[in-house]
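Enquirer: sequence unavailable; structure follows:
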């Protein structure tokens, strides 16, 4: 595991090996998306977990492909939503 992501070891003759790091490992979510698309992912392509946590839920229906900028926008918006939900919960508890 690397920061919550499952790592898969690929053999050098694997079609998806170009996506692997210098030790031959690739994040499982990237491998699942690449296999779904039938091609290797580019470095600027980011695989986003729709449900967020856990990052080990690598079912294709839980994954979305984005650019780095698009993913950063999604992450920033989700952080704002999370902060607002915490604030609402805090205000509701204070008023009860």
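Expert: Happy to help now that I have it. Here the structure is a predicted model, which means the values were calculated and not measured. Numbers count the residues shown, from 1 in each chain.

Enquirer: use CA for all of it now, contacts and neighbours both
Expert: OK.

Enquirer: test my guess that residue 54 contacts residue 4.
Expert: Yes. Using CA atoms under 8 Å, residue 54 is in contact with residue 4, at 7.4 Å.

Enquirer: who's in contact with residue 46?
Expert: 30, 65-68, 71 (CA atoms under 8 Å, 6 or more residues apart in numbering).

Enquirer: what about 10 Å?
Expert: Contact analysis of residue 46 by CA atoms under 10 Å, 6 or more residues apart in numbering lists 29-30, 33, 63-72.

Enquirer: helix, strand, or coil at it?
Expert: Assigned by DSSP: H, G, I helix; E, B strand; the rest coil, the conformation of residue 46 is strand.

Enquirer: distance of it relative to residue 11?
Expert: 23 Å (CA to CA, to the nearest Å).

Enquirer: pLDDT weak spots in the protein?
Expert: 1-2, 52-53 (pLDDT under 70).

Enquirer: all the helices of it, residue numbers only.
Expert: 28-37, 68-95 (DSSP state H).

Enquirer: now do the shortest one: which elements does it pack against?
Expert: For helix 28-37, the helices and strands in contact under the criterion 3 or more CA pairs under 10 Å, 6 or more residues apart in numbering; DSSP states H and E are strand 7-9, strand 45-49, strand 63-67.
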